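S.K.: Kindly generate the corresponding structure for this input.
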Amino acid sequence: MKLNLSLPIWTLLTPVVAWIAYFTMGSMTGTLPLILLCIILIAGVLAAVHHAEVVAHRVGEPFGTIILALAVTVIEVSLLVSLMSSGGENTATLARDTVFAAIMIILTFIIGICILIGSAKYREQFVTKHAATSALVALTAILVLTLVLPNYTVSQPGPQYTQPQLIFAAVVSLIIYASFIMIQSIRHRDYFLPADPERKENEDAHAAPPSNKTTFTSLGLLIASLGAVVLLAKMLSPAIEAGVASIGAPASLVGIIIAMVVLLPECIAAIQAARRNRLQTSMNLALGSALASIGLTIPAVAIYTLFSHTPVLLGIDTTSVVLLILSIFTVMLSLVTGKTNILYGVVLLVIFAAYLFLTIFP
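M.R.: So this is what the prediction gives:
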């Protein structure tokens, strides 16, 4: 059943149901409400993916992937700042842990599973070399300046920037991210288009772009769905914490699980693109999300800490630095030739498994 907006009715109702569940089921306990919240959360993720595809079809690449990445990141930043404001000094490492978890999930799991699924179906897939190197150069610079360099500065003890250093890191993060967006959407937009545009045009010729009314409706419902996903994930976090504690795993595993839930819409959208032999779209979404996650989160956290005088620790430990460098290096080698195969996906997923293993058994 469809309405006059040409959108399936379940995609219109799911965000409303999700928000109602958030406001009415927060105080409920027991197994049944927990299962119901999980079902609503998954439905919200699927609705977000559908609306993202509608918007992406209307605006074309790479603008569609930029919209989804920015929408998710803005909501993540809002959630992060709200948690920091209520947690005080106990949340000094929250921004670092959240950003690092998101980056590792994107670089190793999302990119790895997309390459694995796409290569298993098509043997080889193609990406634009300039797009990969542009995104990874920008991402590497921001990661080192924000997550690694604080370990080696001497003005402040510990993995922490002074206020001037934090302001500098925030400004350069915004400059690098803005430069990447300009390259991606204006100056070198052709780098980020599918590697075989003629095939893509033939595929899309059978589906007319949605109307402006449908597009704007989907954009609003996309934001509503993403907001509900993040808030429901936060609501489910106590149950996740109890489950993690019951198996004796460290509390940092909770952040990884929440980050995976929040990144589900982007993950599903990227996998769907890879299954359609559009790996370039998958990489646009994954690397663009990684850049938006750290390029916008660090400046937002810097602004918040300057006004609230809340300490923030940004430097990651030695094990995390090694895993981060290995992940970036592997992704670079996987994409720089312009052709991928199943081996690259396997290796990236093994690195993700190592990241999870070392989180549980440090």
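S.K.: Please report phi then psi for residue 211.
M.R.: When quoted as degrees, to the nearest 10, the phi and psi of residue 211 stand at phi -70, psi 170.
S.K.: do the one 10 residues further on as well
M.R.: Dihedral angles phi and psi of residue 221 (degrees, to the nearest 10) take the values phi -70, psi -30.
S.K.: hey, where'd the helices end up in this structure?
M.R.: 9-24, 31-59, 63-87, 94-104, 111-122, 129-143, 163-182, 197-204, 212-246, 252-262, 264-275, 279-308, 318-335, 342-360 (DSSP state H).
S.K.: I'd like the ones you listed as a markdown table, with distance to residue 151 appended.
M.R.: For glycine as for every other residue, the C-beta is placed from the backbone atoms N, C-alpha and C. Compiled in a markdown table, those are given as follows (distance: least, CB to CB, whole Å):
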| stretch | distance to residue 151 |
| --- | --- |
| helix 9-24 | 38 |
| helix 31-59 | 35 |
| helix 63-87 | 21 |
| helix 94-104 | 11 |
| helix 111-122 | 26 |
| helix 129-143 | 13 |
| helix 163-182 | 12 |
| helix 197-204 | 44 |
| helix 212-246 | 27 |
| helix 252-262 | 18 |
| helix 264-275 | 29 |
| helix 279-308 | 15 |
| helix 318-335 | 8 |
| helix 342-360 | 18 |
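S.K.: which stretch in these is the model least sure about?
M.R.: Ranked by mean pLDDT, the helices of the chain bottom out at helix 197-204, which scores a mean of 46.
S.K.: so what's residue 239 closest to, chain neighbours aside?
M.R.: The shortest distance from residue 239 to any non-neighbouring residue, by CB to CB, 6 or more residues apart in numbering, is to residue 34 (5.7 Å).
S.K.: so residue 345 touches residue 121, yeah?
M.R.: No. Counting by CB atoms under 8 Å, residue 345 sits too far from residue 121 to count as a contact (11.5 Å).
S.K.: Now residue 349. Nearest residue, chain neighbours left out?
M.R.: The nearest residue in space to residue 349 (CB to CB, 6+ apart) is residue 112, at 4.2 Å.
S.K.: and residue 52, how many neighbours does it have?
M.R.: Burial measure for residue 52: 27 neighbouring residues, criterion other CB atoms under 10 Å.
S.K.: Now for it: which residues touch it?
M.R.: With CB atoms under 8 Å, 6 or more residues apart in numbering as the criterion, the residues that contact residue 52 are 64, 67-68, 71, 218, 222, 265, 269.
S.K.: Just name the closest of the residues you listed to residue 139, please.
M.R.: Of all the contacts of residue 52, the one sitting nearest residue 139 is residue 68; the distance, using CB to CB, is 17.4 Å.
S.K.: Check whether residue 112 really touches residue 340, as I assumed.
M.R.: No. Counting by CB under 8 Å, residue 112 stays clear of residue 340, with 10.5 Å between them.
S.K.: From residue 248, how far out is residue 326?
M.R.: If you measure residue 326 against residue 248 using CB to CB, to the nearest Å, the figure is 27 Å.
S.K.: neighbour count winner among these two?
M.R.: Per other CB under 10 Å, whichever of residue 326 and residue 248 has more neighbours is residue 326, with 16 against 7.
S.K.: Next up, the contacts around the nearest residue to residue 347 once chain neighbours are set aside.
M.R.: Here the nearest residue to residue 347 in space, its sequence neighbours aside, is residue 330; by CB to CB, 6+ apart that works out to 6.0 Å. Contact criterion CB under 8 Å, 6+ apart gives 108, 344, 347-348, 351 as the residues in contact with residue 330.
S.K.: Would you enumerate the residues in contact with the closest residue to residue 161 other than its chain neighbours?
M.R.: Excluding its sequence neighbours, the residue lying closest to residue 161 (CB to CB, 6+ apart) is residue 150, at 5.3 Å. Residue 150 makes contact with 159-161, 165, 313-315 under the criterion CB under 8 Å, 6+ apart.
S.K.: with the residues you listed in mind, which one is nearest to residue 300?
M.R.: Comparing those against residue 300 with CB to CB places residue 314 closest, at 13.2 Å.
S.K.: Residue 260 versus residue 352, what's the distance?
M.R.: The separation that residue 352 has from residue 260, given CB to CB, amounts to 11 Å.
S.K.: what do you get for residue 158?
M.R.: Between residue 158 and residue 260 the distance, using CB to CB, works out to 29 Å.
S.K.: Looking only at neighbour counts, state which of the two leads.
M.R.: Residue environment comparison for residue 158 versus residue 260 gives the larger neighbour count to residue 260, 16 against 11, counting by other CB under 10 Å.
S.K.: surely the more buried one meets residue 105?
M.R.: Yes. With contact defined as CB under 8 Å, residue 260 and residue 105 form a contacting pair (5.9 Å).
S.K.: Provide a list of residues in contact with the closest residue to residue 323 other than its chain neighbours.
M.R.: With sequence-adjacent residues excluded and distances taken as CB to CB, 6+ apart, residue 323 is closest to residue 355, at 5.5 Å. Taking CB under 8 Å, 6+ apart as the definition of contact, the neighbours of residue 355 are 104, 108, 323.
S.K.: since we're on residue 168, how many residues are nearby?
M.R.: Residues near residue 168, counting by other CB under 10 Å, number 14.
S.K.: was I right about the residue nearest to residue 239 contacting residue 236?
M.R.: Yes. Here residue 34 reaches residue 236: they are 7.3 Å apart, a contact under CB under 8 Å.
S.K.: Show the pLDDT at residue 91.
M.R.: 68.
S.K.: and if you look at residue 61?
M.R.: 63.
S.K.: these two touch, right, residue 99 and residue 293?
M.R.: Yes. Contact status for residue 99 versus residue 293: in contact at 6.3 Å, counting by CB under 8 Å.
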